[in-house]
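K.L.:
Structure for this input, please:
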Amino acid sequence: MKSFKLIKGLIFILFICLFFAACSENNVQQEQDITIGSEDEKPDTESPEVPVIERPNIPDGTDYGGYEFRVLVPDVGFTRIVDEIYAEEENGDTMNDAVYKRNRLIEDMLNIKITTVSGTGHWLTSMPSKTKKVIQAGEDAWDIIDGVYQPPLAYEGCLVNLYGVPNMDLTKPWWDQRMIENLSHKKSKLYYIIGDIGYYGLTGNFCLIFNKQLFEANGLEYPYEKVKQGKWTFDEFAKLAKAGTRDLNGDGIMDENDQWGFWTHSASTTLSLYGSGERIVGIDQNGLPSANNLSERHIQAVMASTVLFDDNSVFIVMNQKKGYDSLEKALSDGRMLLYVTTLASIPNYRSFEFDFGVLPLPKFDENQKEYYCHASSYSSGASSVSIPVTNVNLERTGMILEAMSGYSTDIIVPAFIDISLKSKFARDEESAEMIEIILKSKSFDLGMEYGWGRIAWGDLYWVYSDFINETFVSSLEKVWNKTEIDTEKFITTFDEMN
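P.N.:
This is a model prediction of the structure:
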């Protein structure tokens, strides 16, 4: 057990925790007759530099003899993740047709047939345990797993260490480098991964949306320029949130019927902590879990939002006791200036009668070089792929995975960003720019991924959703002890795994 002084520091940390068409290689220069001007005039024959897309290294003659490549996906009744792996035919839908095009290309290239096997139950609550039973029984039922909540499977030794899979190169850009950096144990063990193979893996980032109508009504400037200048900070966010709060009925009481600058649920109060690039449990220079709670910057980032979110006249934070329905109603009614959500949720807001913009999470201050937008397999729906230990041909599987993800970079990704996400969901060009920034700002928290101390939707979550109360310190002390035990068990378990 850490000292009470450490526990007190952790209070602040965990307090707000629960918040590219393929490039043409045709550079042929077309000569044109010059009929106007002096004979010294020459046409501009220099072609602009075209970015070169790196391709997976697939040896000539690779042929898997029509092998049926089986992908376990969640029941379509619980999720649409199946869409990112398989499309039966082209139907005019942008993403469906992109998946179909990618699959036909890989199938012809490797002589395989990509198929999906639909699992039963919810991807988060029931599929992991059912999948574990099949794997532990030694049944070779699938080649890879997609979209199922993976951490429990990794922890139970059901998944293959991706660092050791032949033909997979985790240094390539079609695999999420931030995820590899944030979640690899001792920089050598990773059991599930997000990549260009699955477009739902692009949508798990947390972000902010803002009500343009309320901004205009309150004479507020859209934050787009500040974001591009690197000046979108927590202080700027706080100023806007304060300026957008109004007692609509004039009763002198701020409640769910009024207008709020920032209204969220308690699981989303990670705004300043994760936006600042800090984590509850990160990875140290040796690749081991490390709680960063004792750094001065970490505490400052937490303190900033601690003070702000405790102002009930400016912020309203919902939890189970207060009810989430009123939060959703305030959002759809247009009585919320700023709201924290994920890119995956933006399609749900297309029915709003008002226009909205999209923003990354604010930086801690202007000295911070990058924006950080938290992503999680647990709470934000970021899909990922893994290989069950029952897989009998890792060499073939690695090659297929590398090809599917590598050729998705200029088929799946541009379709999703440039057409689907920007055109369908974002309400302006500036928001499209913001989305690109958000996608490049992914950040993972090891503790949140594995739910140590039940950080996500468990004991620790409920402690912090209640915020400060007279039993907070004692409750945190008990839960953090469990977190320390989980951390030590994680290290021992993963050390013993292949």
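K.L.:
tell me the domain boundaries of the protein?
P.N.:
Annotated domains of the chain cover 67-202+379-409, 206-376+450-496 [automatic domain parsing].
K.L.:
Tabulate the ones you listed (TSV), appending mean neighbour count and distance to residue 56.
P.N.:
Every C-beta, even on glycine, is put in place using the N, C-alpha and C of the backbone. TSV is the format used below for those (neighbours: other CB atoms under 10 Å; distance: least, CB to CB, whole Å):
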stretch	mean neighbour count	distance to residue 56
domain 67-202+379-409	19	4
domain 206-376+450-496	18	24
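K.L.:
Reformat those as JSON lines; add mean pLDDT and distance to residue 435.
P.N.:
JSON lines is the format used below for these (pLDDT from 0 to 100; distance: least, CB to CB, whole Å):
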{"stretch": "domain 67-202+379-409", "mean pLDDT": "92", "distance to residue 435": "9"}
{"stretch": "domain 206-376+450-496", "mean pLDDT": "79", "distance to residue 435": "6"}
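K.L.:
Figure out which of those is closest to residue 425.
P.N.:
domain 206-376+450-496 (4.6 Å; CB to CB).
K.L.:
end-to-end on the closest one?
P.N.:
34 Å (CA to CA, to the nearest Å).
K.L.:
do stretch 73-93 as well
P.N.:
OK, stretch 73-93 end separation, CA to CA: 20 Å.
K.L.:
Distance from it to the middle of the chain?
P.N.:
20 Å (CA atoms, centre = their mean, to the nearest Å).
K.L.:
what does it contact?
P.N.:
71, 95-97, 99-101, 103, 114-123, 127, 146-148, 197-200, 381, 383, 412 (CB atoms under 8 Å, 6 or more residues apart in numbering).
K.L.:
The same query, at a cut-off of 6 Å, please.
P.N.:
The contact list for stretch 73-93 (CB atoms under 6 Å, 6 or more residues apart in numbering) reads 71, 96-97, 99-100, 116, 118-120, 122-123, 127, 146-147, 198-200, 383.
K.L.:
what do you get for stretch 436-456?
P.N.:
151, 178-179, 182-183, 202, 205, 207, 279-281, 289, 360, 371-379, 460, 479, 482-483, 486-487.
K.L.:
Restricted to helices, list those residues.
P.N.:
Secondary structure from DSSP state H places 151, 178-179, 182-183, 460, 479, 482-483, 486-487 of the contacts of stretch 436-456 in helices.
K.L.:
any idea how far residue 443 is from the spatially most central residue of the chain?
P.N.:
Among the residues of the chain, the one closest to the centroid is residue 204, at 2.7 Å (CA atoms, centre = their mean). As judged by CB to CB, to the nearest Å, residue 204 and residue 443 stand 11 Å apart.
K.L.:
try residue 487
P.N.:
Distance from residue 487 to residue 443, by CB to CB: 19 Å.
K.L.:
Roughly how far does the residue nearest to the centre of the chain sit from residue 342?
P.N.:
6 Å.
K.L.:
follow-up on the earlier one: the residue nearest to the centre of the chain and residue 375 touch, don't they?
P.N.:
Yes: using CB atoms under 6 Å, residue 204 is in contact with residue 375, at 4.1 Å.
K.L.:
need the ones in helices among the contacts of stretch 436-456 in JSON lines with distance to residue 432, can you?
P.N.:
Below are these laid out as JSON lines (distance: CB to CB, whole Å):
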{"residue": "151", "distance to residue 432": "32"}
{"residue": "178", "distance to residue 432": "21"}
{"residue": "179", "distance to residue 432": "24"}
{"residue": "182", "distance to residue 432": "26"}
{"residue": "183", "distance to residue 432": "29"}
{"residue": "460", "distance to residue 432": "36"}
{"residue": "479", "distance to residue 432": "41"}
{"residue": "482", "distance to residue 432": "43"}
{"residue": "483", "distance to residue 432": "39"}
{"residue": "486", "distance to residue 432": "40"}
{"residue": "487", "distance to residue 432": "40"}
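K.L.:
Which of those sits closest to residue 333?
P.N.:
Of those, the one sitting nearest to residue 333 (CB to CB) turns out to be residue 460, at 32.3 Å.
K.L.:
can you map out the strands along the stretch 51-200 of the chain?
P.N.:
With DSSP state E, counting those that start in this stretch as the criterion, the stretch 51-200 of the chain has strands at 67-73, 112-118, 144-146.
K.L.:
As a markdown table, those with distance to residue 406 would be great.
P.N.:
Listed next are the strands of the stretch 51-200 of the chain as a markdown table, based on distance: least, CB to CB, whole Å:
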| stretch | distance to residue 406 |
| --- | --- |
| strand 67-73 | 15 |
| strand 112-118 | 15 |
| strand 144-146 | 15 |
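K.L.:
rewinding a little: any chance of the domains of the chain in a markdown table, plus distance to residue 431?
P.N.:
Below are those laid out as a markdown table (distance: least, CB to CB, whole Å):
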| stretch | distance to residue 431 |
| --- | --- |
| domain 67-202+379-409 | 15 |
| domain 206-376+450-496 | 4 |
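K.L.:
So which of those is nearest residue 429?
P.N.:
domain 206-376+450-496 (9.6 Å).
K.L.:
what's the distance between that closest one and the middle of its chain?
P.N.:
Averaging C-alpha positions (CA atoms, centre = their mean) puts domain 206-376+450-496 15 Å from its chain's average.
K.L.:
now residue 221: how far from residue 430?
P.N.:
Residue 221 is 12 Å from residue 430, by CB to CB.
K.L.:
contact partners of stretch 208-219?
P.N.:
243-244, 334, 337-341, 354-359.
K.L.:
Same question for stretch 166-173.
P.N.:
180, 394-395, 398-399, 402.
K.L.:
which ones among those residues are found in helices?
P.N.:
Of these, the ones assigned to helices by DSSP H are 180, 394-395, 398-399, 402.
K.L.:
TSV for those, including distance to residue 55?
P.N.:
Listed next are those as TSV, based on distance: CB to CB, whole Å:
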residue	distance to residue 55
180	20
394	21
395	19
398	16
399	13
402	10
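K.L.:
what's the most distant pair in those?
P.N.:
Using CB to CB for every pair in these, the one that comes out farthest apart is 180 and 395, at 21.2 Å.
K.L.:
I figured residue 234 hits residue 361, correct?
P.N.:
No: the criterion here is CB under 6 Å, and residue 234 misses it with residue 361 at 8.9 Å.
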